[in-house]
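J.: 3D, please:
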Amino acid sequence: MTLANIKKSPLARLRSKLSSRKPESSVEEQETRNSTSSSNRSSSSLNVDELRTVFDYIDANSDGKISGTELQSCVSLLGGALSSREAEEVVKISDVDGDGLMDFEEFLKLMMEGEDGSDEDRRKELKVAFRMYVTEGEEFITAASLRRTLSRLGESCTVEACKVMIRGFDRDGDGVLSFDEFLLMMR
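T.: This is a model prediction of the structure:
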């Protein structure tokens, strides 16, 4: 378990996992792709082809739409925790055409939302993520609260390993992560 995996959402981890699966091709094809890739890329850090791969992976029945059940199943395969209610809510929020499912365009919009968001929006999202790791009534992440949250996400980790992860971003040396230290970690 690395710190990088902690900061990625289940969907981001899926995208990254699938984008690393490149079909084998000849060295010549790879060199051609590499020489033209910088001119063909858009300014967005999200690649539409990679997102199509992720979408197709989540769309288990290949009907061109993602249901809440398919989304929940995919997130749980990645070790994430998403209740059926939460999965249905994500689909409902993303569902522009009102059919109760998420098509590729709606999925693309959902995945691109964070790309151009304001700093304030990003800060709000990170505050929600921060609260996931904090013990109720506290204002910081401890090794024990980090271990508990990782455990819920299906990752087994010792308290000692969590202390090491925290130490990497603990600027004031108090052994816990404040929200500001958490923000640094997420950048």
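J.: and the helices in the chain?
T.: Secondary structure of the chain by DSSP state H: the helices cover 3-7, 10-19, 27-40, 48-58, 68-77, 84-94, 104-112, 119-133, 143-152, 159-167, 179-186.
J.: any stretches of this protein with poor pLDDT?
T.: Residue ranges of the chain with pLDDT under 70: 1-46, 78-79, 113-118, 187.
J.: what's the domain layout of it?
T.: 7-35+47-115, 119-186 (automatic domain parsing).
J.: would you turn these into JSON lines with mean neighbour count?
T.: No exception for glycine: its C-beta is placed from N, CA and C like everyone else's. Converted to JSON lines, the domains of the chain look like this (neighbours: other CB atoms under 10 Å):
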{"stretch": "domain 7-35+47-115", "mean neighbour count": "15"}
{"stretch": "domain 119-186", "mean neighbour count": "15"}
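J.: picking up where we left off before, which one of the helices of the chain lies closest to Gly173?
T.: Judged by CB to CB, the one of those that comes nearest to Gly173 is helix 159-167, at 8.6 Å.
J.: picking up where we left off before, mind giving me JSON lines with the helices of the chain and columns for distance to Gly173?
T.: Below are these laid out as JSON lines (distance: least, CB to CB, whole Å):
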{"stretch": "helix 3-7", "distance to Gly173": "18"}
{"stretch": "helix 10-19", "distance to Gly173": "30"}
{"stretch": "helix 27-40", "distance to Gly173": "42"}
{"stretch": "helix 48-58", "distance to Gly173": "39"}
{"stretch": "helix 68-77", "distance to Gly173": "36"}
{"stretch": "helix 84-94", "distance to Gly173": "36"}
{"stretch": "helix 104-112", "distance to Gly173": "37"}
{"stretch": "helix 119-133", "distance to Gly173": "19"}
{"stretch": "helix 143-152", "distance to Gly173": "14"}
{"stretch": "helix 159-167", "distance to Gly173": "9"}
{"stretch": "helix 179-186", "distance to Gly173": "11"}
